[in-house]
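Trainee: structure here, sequence nowhere to be found:
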Ligand SMILES: O=c1ccn([C@@H]2O[C@H](COP(=O)(O)O)[C@@H](O)[C@H]2O)c(=O)[nH]1
């Protein structure tokens with residue numbers, strides 16, 4: 001978390017650059033290098049999605065090389081949506097942190113605390129799926145509880161409890177439902193949110209930031225993947241997005257000026 005906070009301050013950015021590489025192997029290697037190099041000045045974090053690498057023959061090698069290309073000062077969140085019993089989760093954690101060199105992961109909380117805790121190593125961050133961005137059917141997350149609230153609230157409560165015990169536990173909250181973002185923020189006033197859904201999924205940036213930003217103008221990482229991958233100039237697109245995000249937060253002078 002310290003690395004993330006330092007980077008957010010250094011770049012004056014809450015942008016998470018998603019890396020969901022598509023195309024043939026040669027194109028992908030070239031485009032990954034281009035996107036990383038062009039967007040690095042504006043990135044608070046990078047988020048490679050594991051599926052887009054594992055679907056290639058040399059996917060793990062490509063993922064390692066991708067992470068190695070990212071400047072050391074910028075946190076890498078490996079979006080693997082891991083979630084299994086503790087001894088299996090421990091192997092996923094070794095893969096993410098020791099093999100790949102990630103600073104953080106995404107985890108599916110459905111199997112409970114022991115699916116999450118092995119990832120909570122000192123100096124690492126864990127983003128727990130709470131209210132995801134996909135629409136429209138949330139037959140589990142939107143189940144209404146008899147005590148009030150929704151099943152997704154339980155994920156937020158588990159993440160908050162684990163954050164108090166281990167620190168560095170945040171939430172994944174989709175940008176496609178601003179009122180859910182607000183509800184998650186009321187349940188987790190201090191935790192970091194990883195927020196996908198802006199760009200290709202049509203999430204409302206302004207409404208999301210209004211609902212999700214902490215009073216200090218931080219605590220939210222806005223992820224966008226396809227919109228940057230497909231941009232003619234990924235650097236310009238990233239910069240523009242950072243500027244839009246910063247109009248909704250108290251800003252310092254960006255480092256790139
Ligand atoms: O709720 C979630 C959790 C994760 N994702 C992931 O984020 C990116 C979004 O990509 P876009 O191209 O910006 O739509 C992708 O890797 C998803 O797997 C999510 O979208 N929603």
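Mentor: Arrived safely, thanks for sending. Because the structure is predicted, anything quoted here is derived from the model rather than measured.

Trainee: so what's the nearest residue to residue 149 once chain neighbours are set aside up against?
Mentor: Excluding the flanking residues, the one nearest residue 149 by C-beta to C-beta, 6 or more residues apart in numbering is residue 183, at 7.9 Å. Where C-beta positions appear, they are placed from N, C-alpha and C, glycine not excepted. Residues near residue 183 by C-beta atoms under 8 Å, 6 or more residues apart in numbering: 131, 149, 153.

Trainee: quick check: buried residues in the helix or strand hosting residue 183?
Mentor: Taking DSSP states H and E as the criterion, residue 183 maps to helix 178-187. Neighbour-count burial for helix 178-187 flags 178, 180, 181, 182, 183, 184, 185, 187 (criterion: 16 or more other C-beta atoms under 10 Å).

Trainee: checking the residue nearest the centre of the chain next. Helix, strand or coil?
Mentor: Centroid check for the chain by C-alpha atoms, centre = their mean gives residue 194 as the closest residue, at 3.9 Å. Of the three states, residue 194 takes strand according to DSSP: H, G, I helix; E, B strand; the rest coil.

Trainee: okay, it and the ligand: tell me how far apart.
Mentor: For residue 194, the distance to the ligand equals 8 Å [C-beta to the nearest ligand atom, to the nearest Å].

Trainee: with residue 103 instead?
Mentor: Plainly put, residue 103 is 17 Å away from the ligand if you go by C-beta to the nearest ligand atom.

Trainee: backbone torsions only: list them for the residue lying farthest from the centre of the chain.
Mentor: For the chain, the residue at maximal distance from the C-alpha centroid (C-alpha atoms, centre = their mean) is residue 146, at 30.9 Å. Dihedral angles of residue 146 (phi, psi; degrees, to the nearest 10) stand at phi -60, psi -30.

Trainee: the helices in the stretch 101-250 of the chain, which residues?
Mentor: Along the stretch 101-250 of the chain, the stretches classed as helices by DSSP state H, counting those that start in this stretch are 113-116, 151-166, 178-187, 205-212, 226-229, 234-246.

Trainee: what's the closest of these to the ligand?
Mentor: The ligand sits nearest to helix 226-229 of all the helices of the stretch 101-250 of the chain, at 3.2 Å, using C-beta to the nearest ligand atom.
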